[in-house]
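Chemist: Predicted model and sequence below, questions to follow.
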Amino acid sequence: MRRKAATAAARRCTGPGVLTAAVVLIGASGCAATPHYAPETKAGTYYVSSEGDDQNDGSSPGQAWRTLARAERVALEPGDRLLLEGGARFTGTITLNDTEAGSADRPVVVGSYGEGRATVEAEDSPGISVHNTAGVQIRDLTVKGDRAAYARDGGINLYADRPGGGKLDRVSVSDVTVSGFQVGIAVGGIEKGNGFKNVTIRQAQLHGNKDAGLLTYGPQFDPGQPAYAHEDFDISDVDAYRNSGDPEAVERHTGDGIILGAVRHATVRDSSAHDNGSASATEAPSGPVGIWAYDATDVLLEHNTAYRNHTGSDVDGAGFGFDENVSDSTIQYNLAFHNDGPGFYAYTRKANGAHTDNTIRYNITSDDGRKLPRFGGLAVYGHDVRNLRIYQNTVVMTALENGKSGPALRLMDGQTGVTVRNNTFVTDGSPLALVDRGLTAKNVLVQGNNYRAPQGQWALQWGDHAYTGLDAWRKATGQERVDGEPSGLTVDPCFAGGELPAVESPGDAPRLAPDCAALADKGLDLRKLFGIDPGSVDYFGRTVGTPPPVGAALPAPD
């Protein structure tokens with residue numbers, strides 16, 4: 001909370017600043033702590049109402065204050081609650097700084113009371129700013145920004161820049177809607193050693209923001225001494241949509257859904273990113289993505305959807321991705337469709353060994369690469385992706401209006417230890433896979449996959465050579481062999497929605513489930529052959545046996 005007389009500069013804990021190239025580096029300079037009136041003599045609950053009076057003591061709905069400016073004069077202590085009248089609108093901002101903090105069992109709570117949510121309408125500032133403090137719950141609020149806030153502020157802005165560093169423990173954000181800011185929810189600490197831990201974000205609607213719906217960020221990543229600003233993030237039931245991007249931002253990408261940067265051990269589940277990036281700059285060096293991570297380790301993206309995400313430039317626009325410097329992380333049980341770029345990707349432009357030991361499994365991508373078909377449905381590109389496991393995915397690509405189709409699988413040069421196994425690749429054009437000339441069986445192994453071209457000629461491009469049959473490609477490259485024996489199939493996967501099922505909404509995913517047992521137990525035994533965990537269930541939660549199926553799903557039970 002703050003003094004009413006604080007200057008405009010002190011009022012605003014500066015939020016996200018610049019996103020550059022493929023790595024997001026959003027700068028933030030925190031505001032200095034502002035002076036306070038003397039703390040209240042006792043902890044309690046404070047009320048703000050549109051019918052209140054700032055001369056009241058704020059101790060009950062009948063004695064509520066009228067303005068956020070009056071509430072800012074109170075230093076909140078552990079267990080205190082600041083509640084705004086549901087259905088009412090309040091202009092200003094709510095700031096919690098380093099003199100205010102709760103604890104795990106006695107958090108400071110900022111929320112609504114009565115019927116419905118209160119609305120905080122920020123003016124040239126974040127809506128809610130948590131600066132150098134934690135032990136905070138933010139819930140049951142709508143937060144809206146004005147034109148100035150849209151240019152530079154985080155709607156709910158968590159920022160740490162304490163001189164001594166350290167991770168601030170425990171912040172919860174739930175049941176909120178945030179719109180009209182540079183970033184809907186931003187969590188950052190670019191000063192070395194600063195950050196947050198044990199952060200929970202649930203039931204959030206993040207829309208109409210400029211750069212991103214949700215973002216975590218930190219200082220420049222050092223591959224020689226990996227460190228992460230934040231740790232232990234649990235993100236669920238977040239809907240990031242129509243965050244359009246900035247057409248004037250030619251030096252960075254804008255219009256992302258959910259970005260996890262500078263974090264160790266984070267999960268995003270049961271969330272969605274859709275219809276983002278429509279106004280991102282055409283001349284930007286990189287474009288936005290639905291849900292992705294960078295400079296991160298031990299990240300899990302599962303049971304999410306990403307669709308109709310766009311890019312103004314000639315790259316990105318993907319559904320899901322692991323970008324620069326991601327390690328020991330997994331993308332699983334997700335659905336991507338109708339994105340401008342690939343449904344799923346792994347990428348790094350830095351040859352530093354930091355993009356390693358990741359997994360992409362049990363995902364479905366349908367009709368991605370709508371604007372950028374050359375990246376296909378599932379892509380691995382950049383300069384130094386290492387030890388990436390891609391298995392049990394289903395990829396379907398149908399032709400664009402011009403009759404052309406991107407590949408189901410796109411592999412570019414510069415990878416090491418990439419394995420592609422037990423996936424189903426389907427196209428109605430060609431090629432099924434497009435692979436750069438520099439890749440051989442020494443750095444990429446493709447085994448046990450099913451390749452289907454139901455309405456076109458079977459074709460696969462490997463380096464400078466095009467192949468029109470599985471056996472010819474196998475013999476020429478050594479791919480699709482296990483211990484010298486041939487692997488791989490070209491059978492009809494029996495999709496419930498037909499040979500080339502259309503996915504127009506998240507509820508259409510069952511159309512890509514098999515309707516027969518053609519691939520039910522035809523996969524390679526990943527555990528026995530390669531020591532890889534095959535997963536216990538398929539995309540739809542059905543128990544996977546041994547060997548597993550080819551593709552992301554088993555047939556539906558009779």
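Modeler: Yep, that arrived. Residues are numbered from 1 along each chain as shown.
Chemist: Now tell me which helix or strand of the chain has the poorest mean pLDDT.
Modeler: In the chain, no helix or strand scores lower on mean pLDDT, DSSP states H and E than helix 8-11, which sits at a mean of 31.
Chemist: How about the next helix or strand after it, which residues are buried there?
Modeler: Counting by DSSP states H and E, the element after helix 8-11 in chain order, helix or strand, is strand 45-48. For strand 45-48, a neighbour-count test (16 or more other CB atoms under 10 Å) marks 46, 47, 48 as buried. Every C-beta, even on glycine, is put in place using the N, C-alpha and C of the backbone.
Chemist: cool, stretch 77-92 as well?
Modeler: Buried residues in stretch 77-92 (16+ other CB under 10 Å): 77, 79, 80, 81, 82, 83, 84, 85, 86, 88, 90, 92.
Chemist: Let's see which of the residues you listed end up in helices.
Modeler: Among these, DSSP state H puts none in helices.
Chemist: Can you add pLDDT and give these back as JSON lines?
Modeler: Output for the buried residues of stretch 77-92, formatted as JSON lines (pLDDT from 0 to 100):
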{"residue": "77", "pLDDT": "93"}
{"residue": "79", "pLDDT": "94"}
{"residue": "80", "pLDDT": "96"}
{"residue": "81", "pLDDT": "97"}
{"residue": "82", "pLDDT": "98"}
{"residue": "83", "pLDDT": "98"}
{"residue": "84", "pLDDT": "98"}
{"residue": "85", "pLDDT": "98"}
{"residue": "86", "pLDDT": "98"}
{"residue": "88", "pLDDT": "98"}
{"residue": "90", "pLDDT": "98"}
{"residue": "92", "pLDDT": "97"}
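Chemist: if you look at these, which of them are in strands?
Modeler: 81, 82, 83, 84, 85, 90 (DSSP state E).
Chemist: quick one: the second one and residue 59, what's the gap?
Modeler: Using CB to CB, to the nearest Å, we find residue 82 at a distance of 12 Å from residue 59.
Chemist: go on, residue 467?
Modeler: 78 Å.
Chemist: circling back to that earlier point, could you single out the nearest of the ones in strands among the buried residues of stretch 77-92 to residue 548?
Modeler: Closest approach to residue 548 among those (CB to CB): residue 81, at 50.3 Å.
Chemist: What's opposite the closest one in the beta bridge?
Modeler: Here residue 81 sits in beta bridges with residue 45, residue 109, going by DSSP bridges.
Chemist: quick one: contacts for it?
Modeler: Residues in contact with residue 81 (CB atoms under 8 Å, 6 or more residues apart in numbering) are 44, 45, 46, 108, 109, 110, 111.
Chemist: Apart from its chain neighbours, what residue comes closest to residue 132?
Modeler: Setting aside the residues directly before and after it, residue 132 is nearest to residue 98 in space (CB to CB, 6 or more residues apart in numbering), at 4.0 Å.
Chemist: which residues in the stretch 151-300 of the chain form strands?
Modeler: Secondary structure of the stretch 151-300 of the chain, counting by DSSP state E, counting those that start in this stretch: strands at 154-159, 166-179, 183-188, 194-207, 212-217, 230-241, 256-261, 263-269, 272-274, 291-294, 296-302.
Chemist: I'd like to know the average pLDDT value across the shortest one.
Modeler: So the one you mean is strand 272-274. Averaging pLDDT along strand 272-274 gives 98.
Chemist: and if you look at the last one?
Modeler: Rounded to a whole number, the mean pLDDT of strand 296-302 is 98.
Chemist: Give the pairing partners of that strand; include direction for each.
Modeler: strand 263-269 (parallel), strand 326-327 (parallel), strand 330-332 (parallel).
Chemist: Quick check: bridge partners of the nearest residue to residue 452 once chain neighbours are set aside?
Modeler: The shortest distance from residue 452 to any non-neighbouring residue, by CB to CB, 6+ apart, is to residue 426 (4.6 Å). Assessed by DSSP bridges, residue 426 has beta-bridge partners residue 396, residue 452.
Chemist: Sketch out the low-pLDDT regions of this structure for me.
Modeler: Scanning the chain for pLDDT under 70 picks out 1-43, 403.
Chemist: Tell me which stretches of it form helices.
Modeler: 8-11, 68-71, 147-152, 470-477, 526-530.
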